[in-house]
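> Generate a structure from the sequence data that follows.
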Amino acid sequence: MNKETLDYKIADVKAEFVRLQDDMEKLDSVNGNSGPIEKQLDRLQDELKALYQQRLDLDEE
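Alright, predicted model coming up:
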């Protein structure tokens, strides 16, 4: 992946992360089950870490 593609992917994952955080807050406010959303947020955090590492690796080349 090139830098532009990685930057686009990072922005996309960040947007998804923010959307899910908002959904989780709404569920929490009505005492809903936010467990599945928490799992998705954890997965997105891991994906962001990997993407940022790939971006750093490209910068070092």
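> drop to CA atoms for contacts and neighbour counts, all remaining ones
Fine.
> what's the helix or strand for the closest residue to K3 other than its chain neighbours?
Excluding the flanking residues, the one nearest K3 by Cα to Cα, 6 or more residues apart in numbering is R55, at 6.6 Å. Per DSSP states H and E: R55 is located in helix 35-60.
> Average pLDDT for that helix, rounded please.
In this model, helix 35-60 has a mean pLDDT of 94.
> With stretch 5-22 instead?
Here the average pLDDT along stretch 5-22 is 97.
> Make 39 the starting number, not 1.
With the count now opening at 39, the last piece we talked about shows up as stretch 43-60.
> quick one: contacts of it?
Contacts with stretch 43-60, where a contact means Cα atoms under 8 Å, 6 or more residues apart in numbering, come from 75, 78-79, 82, 85-86, 89-90, 92-93.
> Got a ChimeraX select line for the buried ones in those?
Of the contacts of stretch 43-60, the buried ones go into a single ChimeraX selection, burial set by 16 or more other Cα atoms under 10 Å:
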select :75,79,82,85,86,89,92,93
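> Can you lay out the contacts of stretch 43-60 as a markdown table showing distance to D66?
Shown next, in a markdown table, are the contacts of stretch 43-60 (distance: Cα to Cα, whole Å):
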| residue | distance to D66 |
| --- | --- |
| I75 | 11 |
| Q78 | 16 |
| L79 | 15 |
| L82 | 20 |
| E85 | 24 |
| L86 | 24 |
| L89 | 29 |
| Y90 | 30 |
| Q92 | 34 |
| R93 | 34 |
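> Determine which two of the contacts of stretch 43-60 are furthest apart.
Using Cα to Cα, the pair of those lying farthest apart is I75 and R93, separated by 26.5 Å.
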